[in-house]
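Enquirer: Provide a 3D model corresponding to the input given below.
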Amino acid sequence: MVTRPFGTTNPAAGLRPLDTDRVARWDRLALDSGAPAFVRPGWLGEWAKAFGKTSALRALTVERGGELVAVLPLLSGPAGLTLSSPTNSETAVFAPVAADADAAAALGEKLLSLRTASIDLTALAADDPRVEALHAAAGAARASVLRRTLRNSPYIDVSGDPAAFDRRLSKNRRHGLKRLQNRLRDAGELTFDVHDGGRAEDLTPLLRDGYRLEAREWKRAAGSAILSSPATTAFYTAAAKWAAEQGILRLAFLRLDGRPIAFGYCLQQGPTLSFLKLGMDDEFQKLGPGMVLTRHLIDYAFAEPRVTELDLLGENDAYKADLASGTREQIRMQVFPSRRIGPAQRAAVVSVAGLRASLVERLPDPARDRLSALRNRLRR
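Expert: Here you go, the predicted structure:
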């Protein structure tokens with residue numbers, strides 16, 4: 001049972017550094033087990049660098065017969081008293097990495113055997129068996145657990161017939177999409193293209209155009225645009241370079257007479273096309289370039305033989321709900337291992353969360369918006 005720091009050692013515990021070979025084994029395990037791209041060490045390493053978390057990043061590991069079979073990336077708090085997931089407002093999804101059910105169970109047991117006051121994991125898929133293994137381990141250890149729903153994240157099943165998908169849409173949605181497409185075509189030559197960033201010299205101008213479109217006025221006001229902070233810009237830029245090297249980056253553009261008017265920042269790994277960021281030119285807002293780009297991206301996903309799902313990620317906004325095949329519940333799971341004080345810790349967290357929600361609800365809309373912007377910045 002070990003928590004292994006990135007690039008450091010703990011001689012007292014006889015730990016080895018998480019060197020290049022160990023990181024490579026983690027990455028192979030993530031790919032072989034079908035884990036999301038967001039928990040591969042390359043993606044998380046860029047996240048940690050951008051947000052100043054490299055020194056706190058650890059990896060709890062399980063080996064079986066000399067083979068790495070499970071990894072849980074974690075952030076270690078002061079003196080190791082708390083552990084949390086390496087996540088913030090820019091995290092799409094988080095998950096343990098495990099080869100099989102036995103490995104996930106062993107990972108949960110090791111996690112609960114660590115001497116820590118609290119474990120805080122967020123952006124977890126509630127129906128992920130690896131997450132359930134952690135929850136089961138907490139139950140077996142008689143730890144206090146608090147699970148809260150963060151969001152219901154929508155996805156589109158693109159494994160079947162595109163015509164069947166169209167028939168599933170409401171008549172109003174079908175006609176609305178066609179109307180927006182026709183209006184844009186009336187305004188000029190409309191094109192859709194997807195870039196993989198394979199040529200390094202092309203990536204910088206692509207990201208520059210994409211970030212400009214993504215930085216809509218309301219996103220800047222809320223502090224949620226990529227360009228809202230140097231850290232966020234650095235993260236998505238470095239992550240894009242890594243993803244391009246891995247062959248999984250997909251930057252989608254809708255262009256009118258060659259001018260980019262909508263943008264999608266996506267990753268395509270295994271059977272999933274993940275749609276992380278959407279941007280559009282507000283000058284053309286009434287023509288719905290964001291919706292038209294999303295429609296083209298759906299067609300692109302259906303045409304890709306290996307892709308079976310377009311994960312829309314984030315909140316189940318109205319425009320996503322109309323298109324989605326279903327949603328996945330994302331949760332925050334807090335574990336308080338101490339049998340003696342754990343129940344009191346849990347009760348205190350519930351009480352504070354309830355009080356905070358009550359106070360925020362009483363604020364006027366402008367104050368809530370400012371608070372949201374501040375919270376987004378602090379989470380980074």
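
Enquirer: mean confidence (pLDDT) on the strand or helix carrying residue 219, please.
Expert: Per DSSP states H and E, residue 219 falls inside helix 217-222. Average pLDDT, helix 217-222: 85.

Enquirer: just checking, what packs against it?
Expert: The helices and strands touching helix 217-222, judged by 3 or more CB pairs under 8 Å, 6 or more residues apart in numbering; DSSP states H and E, are helix 365-379. (C-beta placed from N, C-alpha, C; glycine too.)

Enquirer: what is the rounded mean pLDDT of the helix it packs on?
Expert: Taken as a whole, helix 365-379 has an average pLDDT of 49.

Enquirer: before we move on, the earlier item: report the backbone C-alpha coordinates of the helix holding residue 219 in PDB.
Expert: The C-alpha trace of helix 217-222 is given here as PDB (Å, rounded to 0.1, in the frame of the first residue of the first chain):
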ATOM      1  CA  GLU A 217     -19.100  37.700 -23.100                       C
ATOM      2  CA  TRP A 218     -21.200  35.800 -20.600                       C
ATOM      3  CA  LYS A 219     -18.400  33.200 -20.100                       C
ATOM      4  CA  ARG A 220     -15.900  36.000 -19.400                       C
ATOM      5  CA  ALA A 221     -18.300  37.600 -16.900                       C
ATOM      6  CA  ALA A 222     -18.600  34.200 -15.100                       C
END
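
Enquirer: what's the following helix or strand after it?
Expert: helix 230-246.

Enquirer: what packs against the helix or strand that comes right after that next one?
Expert: Toward the C-terminal end, the helix or strand that comes next after helix 230-246 (DSSP H and E) is strand 249-256. Contacts defined by 3+ CB pairs under 8 Å, 6+ apart place strand 249-256 against helix 171-187, strand 190-195, helix 200-214, helix 230-246, strand 259-269, helix 289-303.

Enquirer: ok, which of the ones you listed comes nearest residue 90?
Expert: Evaluated over the helices and strands packed on strand 249-256, closeness to residue 90 peaks at helix 230-246, with 6.3 Å, by CB to CB.

Enquirer: relative to residue 305, how far out is the residue lying closest to residue 49 once chain neighbours are set aside?
Expert: Closest residue to residue 49 apart from its sequence neighbours, by CB to CB, 6 or more residues apart in numbering: residue 238 at 6.9 Å. Residue 238 sits 30 Å away from residue 305, going by CB to CB, to the nearest Å.

Enquirer: again with residue 43
Expert: Using CB to CB, residue 43 is found at 25 Å from residue 305.

Enquirer: out of the two, which sits in the more crowded spot?
Expert: residue 43 (23 against 6; other CB atoms under 10 Å).

Enquirer: is the more buried one part of a helix or strand, or is it coil?
Expert: Classification of residue 43 using DSSP: H, G, I helix; E, B strand; the rest coil returns helix.

Enquirer: my read: it touches residue 245, true?
Expert: No: contact criterion CB atoms under 8 Å: residue 43 and residue 245 do not qualify, at 11.5 Å.

Enquirer: on that earlier part again, quick one: buried residues of the helix holding residue 219?
Expert: The neighbour-count check on helix 217-222 (16 or more other CB atoms under 10 Å) flags 219, 222 as buried.

Enquirer: how far is it from where the chain is centred?
Expert: Helix 217-222 sits 20 Å away from the centroid of its parent chain (CA atoms, centre = their mean, to the nearest Å).

Enquirer: how about stretch 119-135?
Expert: Its chain's average C-alpha position is 14 Å from that of stretch 119-135, according to CA atoms, centre = their mean.

Enquirer: what is the rounded mean pLDDT of that stretch?
Expert: Mean pLDDT, stretch 119-135: 96.

Enquirer: likewise stretch 274-290?
Expert: The average pLDDT within stretch 274-290 is 95.

Enquirer: ranking the helices and strands packed on strand 249-256 by burial, who's on top?
Expert: Among these, strand 259-269 has the highest mean neighbour count (mean count of other CB atoms under 10 Å), at a mean of 23.

Enquirer: partners of that one in the sheet?
Expert: strand 249-256 (antiparallel), strand 272-280 (antiparallel) (DSSP bridges).

Enquirer: most packed of these?
Expert: Comparing these by mean neighbour count (mean count of other CB under 10 Å), strand 272-280 ranks first with a mean of 24.

Enquirer: can you name the element that comes right after the helix or strand hosting residue 83?
Expert: If you go by DSSP H and E, residue 83 is part of strand 82-84. Later in the chain than strand 82-84, the nearest helix or strand by DSSP H and E is strand 97-98.

Enquirer: need the residues that contact that following strand.
Expert: 26, 29-30, 33, 35, 39, 62, 69-72, 104, 107, 130, 133 (CB atoms under 8 Å, 6 or more residues apart in numbering).

Enquirer: cool, stretch 119-137 as well?
Expert: With contacts defined as CB under 8 Å, 6+ apart, stretch 119-137 is touched by 82-85, 87, 91-98, 101, 104-105, 107-109, 111-112, 145, 147, 149-150, 328-337.

Enquirer: just the buried residues from those residues, in ChimeraX please.
Expert: Remark: buried members of the contacts of stretch 119-137, expressed as a ChimeraX selection using 16+ other CB under 10 Å:
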select :83,84,85,87,91,92,93,94,95,96,97,98,104,105,107,108,109,111,112,145,328,330,331,332,333,334,335,336,337
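
Enquirer: circling back: now the helices and strands packed on strand 249-256 in TSV, with distance to residue 224?
Expert: Formatted as TSV, those follow (distance: least, CB to CB, whole Å):
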stretch	distance to residue 224
helix 171-187	25
strand 190-195	24
helix 200-214	10
helix 230-246	9
strand 259-269	13
helix 289-303	15
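
Enquirer: sorry, back to before: the strand holding residue 83 pairs with which strands?
Expert: Short version: by DSSP bridges, strand 82-84 pairs with strand 67-76 (antiparallel), strand 118-125 (parallel).

Enquirer: this completes my enquiry, with thanks.
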